[in-house]
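Asks: Fold the following for me, if possible:
(2 chains)
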Protein chains: 2
Amino acid sequence: MSTQAHARNGAALAYQARLDARSGKLTGPTANLAPGQVQANLAILPRALAADFLHFCQLNPKPCPLLAMSEPGDPALPTLGHDIDIRKDIPRYRVWKDGELVAEPTDVSEYWRDDLVSFLIGCSFSFEEAMLDNGLPVRHIEQGSNVPMYRTNIQTARAGVFGGPLVVSMRPLKAADAIRAVQVTSRFPSVHGAPVHLGDPSLIGIADINQPDYGDAVEIRPGEMPVFWACGVTPQSVVAAVRPEFCITHAPGHMLVTDLQNSRMAIL
Amino acid sequence: MSTQAHARNGAALAYQARLDARSGKLTGPTANLAPGQVQANLAILPRALAADFLHFCQLNPKPCPLLAMSEPGDPALPTLGHDIDIRKDIPRYRVWKDGELVAEPTDVSEYWRDDLVSFLIGCSFSFEEAMLDNGLPVRHIEQGSNVPMYRTNIQTARAGVFGGPLVVSMRPLKAADAIRAVQVTSRFPSVHGAPVHLGDPSLIGIADINQPDYGDAVEIRPGEMPVFWACGVTPQSVVAAVRPEFCITHAPGHMLVTDLQNSRMAIL
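Replies: Okay, here's the model as predicted:
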């Protein structure tokens, strides 16, 4: 298959995943759907908060690598894919009012407003694919569990109402693999990029590596060290702390599957 | 000054350093001479051993990044600089017979033979300059001492008579700086490249980080981890173990200053 045909095929699988979500056929997590395609985190905010949130993303590109931002009220995201309707194309959403979770629907058309702005943020699935392609182990995938995530004592840069601690994800690696992982993931700045820390967890305020704040603990084997990346849960935790009057996010693991290729996110 | 003028000026300083070594005016270490210019380690071997040693370098590019190899008996190295005479252009040499150090002259013309082949190998000075340019601390430079070096339990790949343990140099860094150092030094594969290990020294067979096998111990501060690079002392220790009937090396710290620019060694 030619490179172009490969890309077309990947985009076709991505579009099919979105159509399946739109029709209600797909309501589960998107991991392993349309391999090679970029998947994205979602935050939808009222226009009144959008400027501050955009500034927050600009100030904190490692946890909040912004892939696209919609026009107010417009459900299309033409730079991320063909015919996207962000109200329907994610398998499951979370709807928040005044900071409280009020619904987990598979379609948010009934909640739509003319002032809503969608933010699509890069996801670690992209760099994990690059790690696996380089023969590096990804423990939570081996274990079939969710990646362990931790609140740190590293503060994000504040923008308006948005601020708070950086959340990191962790993958244990041998030292030589950690060095290779720095090289591999540095190529992907738009999907969190290089690690932010490795080694002693207490240096970034993590008291117990076996008690993640989100996700599941994973085994750290003899000779391995924990390696930490900035995590896309950071913007969600930051938004939750603000308790905006209205907000929509994706349900964890239920991402937007885009027409972009992971391989094309590499800067080198 | 234009880029071309800058390069010409650097090469002019390098040539002057070589002429000073040739005339006997310069007999000391070359650190900080001709900033920005590549400096190189030297091993001169009889032709009978040269094929195996070249193969050893090819198999072990991280400790033995070969910058140039001469024709037998020819003291010129045209790819490394103008008018080089390798018999005279290094400030101080070591002459070995049957593995014993027999002289430390400033000129090896009287020892020259028609079958001698010169190997010039990249040196950590180049990537340390890149680290400093990136605001990363280099502790042994701060301390004004020699870099600490350690024999490891990592075996080099054998070629003919040449083989033995990898020797590494160590620079202590905070985790975030270690991650940046991986990025910075990965750009310089021809001068040792990325680290080979970081964190727990015992994992590569180093019993006491405060007792280096070569060079001087350096302070490791709270929150820092040791970061290890493949070291150009490896080929010297490998050659010493073979006890060749005849061999010439540079005296430690007394390098060949070349017309090549460090910045041009970056692959990206």
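Asks: Look at the closest residue to chain B within the stretch 151-268 of chain A and say how many residues are nearby.
Replies: Residue nearest to chain B within the stretch 151-268 of chain A: A:Val182 (4.1 Å; C-beta to the nearest C-beta). No exception for glycine: its C-beta is placed from N, CA and C like everyone else's. A:Val182 has 25 neighbours, counted by other C-beta atoms under 10 Å in any protein chain shown.
Asks: you'd agree it is in a helix?
Replies: Yes - A:Val182: assigned to a helix according to DSSP: H, G, I helix; E, B strand; the rest coil.
Asks: pLDDT score assigned to it?
Replies: In this model, A:Val182 is scored at 97, pLDDT.
Asks: what's the answer for the one 5 residues further on, then?
Replies: Looking at A:Arg187, its pLDDT stands at 94.
Asks: Phi and psi next, for it.
Replies: Backbone torsions for A:Arg187, taken as degrees, to the nearest 10, come to phi -70, psi -10.
Asks: so it makes contact with A:Asn262?
Replies: No - using C-beta atoms under 8 Å, A:Arg187 is not in contact with A:Asn262; the gap is 10.6 Å.
Asks: With neighbour numbers in mind, choose between the two.
Replies: Each of A:Arg187 and A:Asn262 has its neighbours counted (other C-beta under 10 Å); A:Asn262 has more, 22 against 16.
Asks: nearest spatial neighbour of that one, skipping sequence neighbours?
Replies: Leaving aside its chain neighbours, A:Asn262 sits nearest to A:Ser126 (4.5 Å; criterion: C-beta to C-beta, 6 or more residues apart in numbering or on different chains).
Asks: Check the gap between that neighbour and chain B for me.
Replies: Using C-beta to the nearest C-beta, to the nearest Å, one obtains 19 Å as the distance from A:Ser126 to chain B.
Asks: Would you map the strands across the stretch 151-268 of chain A?
Replies: Ranges of strands in the stretch 151-268 of chain A, per DSSP state E, counting those that start in this stretch, are A:165-174, A:197-198, A:224-230, A:246-250, A:256-261.
Asks: Adding distance to A:Met149, mean pLDDT and mean neighbour count, write those out as JSON lines.
Replies: Conversion of the strands of the stretch 151-268 of chain A to JSON lines gives the following (distance: least, C-beta to C-beta, whole Å; pLDDT from 0 to 100; neighbours: other C-beta atoms under 10 Å in any protein chain shown):
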{"stretch": "strand A:165-174", "distance to A:Met149": "5", "mean pLDDT": "97", "mean neighbour count": "24"}
{"stretch": "strand A:197-198", "distance to A:Met149": "13", "mean pLDDT": "98", "mean neighbour count": "26"}
{"stretch": "strand A:224-230", "distance to A:Met149": "10", "mean pLDDT": "98", "mean neighbour count": "23"}
{"stretch": "strand A:246-250", "distance to A:Met149": "15", "mean pLDDT": "96", "mean neighbour count": "22"}
{"stretch": "strand A:256-261", "distance to A:Met149": "20", "mean pLDDT": "96", "mean neighbour count": "26"}
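Asks: Can you say which of those strands is nearest to B:Lys97?
Replies: strand A:165-174 (42.8 Å; C-beta to C-beta).
Asks: pLDDT value on the spatially closest residue to A:Cys64 that is not a sequence neighbour, please?
Replies: Nearest non-adjacent residue to A:Cys64, counting by C-beta to C-beta, 6+ apart: A:Cys57, 4.1 Å away. We have a pLDDT of 96 for A:Cys57.
Asks: just A:Glu142 next, same as before
Replies: pLDDT, A:Glu142: 94.
Asks: Check A:Ser2 too.
Replies: 64.
Asks: ok so, going back, now the common contact residues for A:Arg187 and A:Asn262.
Replies: Contact criterion C-beta atoms under 8 Å, 6 or more residues apart in numbering or on different chains; residues shared by A:Arg187 and A:Asn262: A:Ala130.
Asks: on that earlier part again, now the residue nearest to A:Asn262: which helix or strand?
Replies: Using DSSP states H and E, A:Ser126 sits in helix A:125-133.
Asks: Quick one: list the elements packing against that helix.
Replies: Secondary-structure packing of helix A:125-133 (3 or more C-beta pairs under 8 Å, 6 or more residues apart in numbering or on different chains; DSSP states H and E): strand A:37-46, helix A:175-186.
Asks: Just tell me which of the strands of the stretch 151-268 of chain A ends up closest to A:Gly81.
Replies: So among these, strand A:256-261 is nearest, using C-beta to C-beta, at 3.7 Å.
Asks: Break chain A down into its structural domains.
Replies: Chain A breaks down by the TED database into domains covering A:1-123+A:243-261, A:125-235.
Asks: I'd like the next helix or strand past the helix or strand that contains the residue nearest to A:Cys64.
Replies: Following DSSP H and E, one finds A:Cys57 within helix A:47-59. Later in the chain than helix A:47-59, the nearest helix or strand by DSSP H and E is strand A:66-69.
Asks: Which strands or helices does that following strand pack on?
Replies: Packing partners of strand A:66-69 (3+ C-beta pairs under 8 Å, 6+ apart): strand A:37-46, helix A:47-59, strand A:116-122.
Asks: Name every strand pairing with the first one and say which way it goes.
Replies: Partners of strand A:37-46 in the sheet, by DSSP bridges, are strand A:116-122 (antiparallel), strand A:246-250 (antiparallel), strand A:256-261 (antiparallel).
Asks: That strand - what's its average pLDDT?
Replies: 96.
Asks: Ok, the last one next?
Replies: Across strand A:116-122, pLDDT averages out at 97.
Asks: List the neighbours of that strand that are in contact with it.
Replies: Strand A:116-122 is contacted from outside by A:38, A:40-47, A:50, A:53-54, A:57, A:64-73, A:75, A:77, A:80, A:86, A:190-192, A:232, A:235, A:248, A:256, A:258, A:265, using C-beta under 8 Å, 6+ apart.
Asks: Show me which of those are buried.
Replies: By neighbour count, with 16 or more other C-beta atoms under 10 Å in any protein chain shown, the contacts of strand A:116-122 hold A:38, A:40-46, A:50, A:53-54, A:57, A:64-70, A:75, A:77, A:80, A:86, A:190-192, A:232, A:235, A:248, A:256, A:258, A:265 as buried.
Asks: re earlier: now the helix holding A:Ser126 and strand A:224-230, what's the angle there?
Replies: 150 degrees (axes from the mean of the first three to the mean of the last three C-alpha atoms, to 10 degrees).
Asks: for the stretch 1-150 of chain A, which spans come out with low pLDDT?
Replies: Counting by pLDDT under 70, the stretch 1-150 of chain A contains low-confidence residues at A:1-3.
Asks: before we move on, back to that, show me what contacts the residue nearest to A:Asn262?
Replies: Going by C-beta under 8 Å, 6+ apart, A:Ser126 touches A:38-39, A:188, A:191, A:262, A:265.
Asks: Max pairwise distance over those: which two?
Replies: Farthest pair in the contacts of A:Ser126 (C-beta to C-beta) is A:Gln39 and A:Phe188. Separation: 13.2 Å.
Asks: who has more neighbours, those two?
Replies: Shown here are A:Gln39 and A:Phe188; by other C-beta under 10 Å, A:Gln39 has more neighbours (28 against 23).
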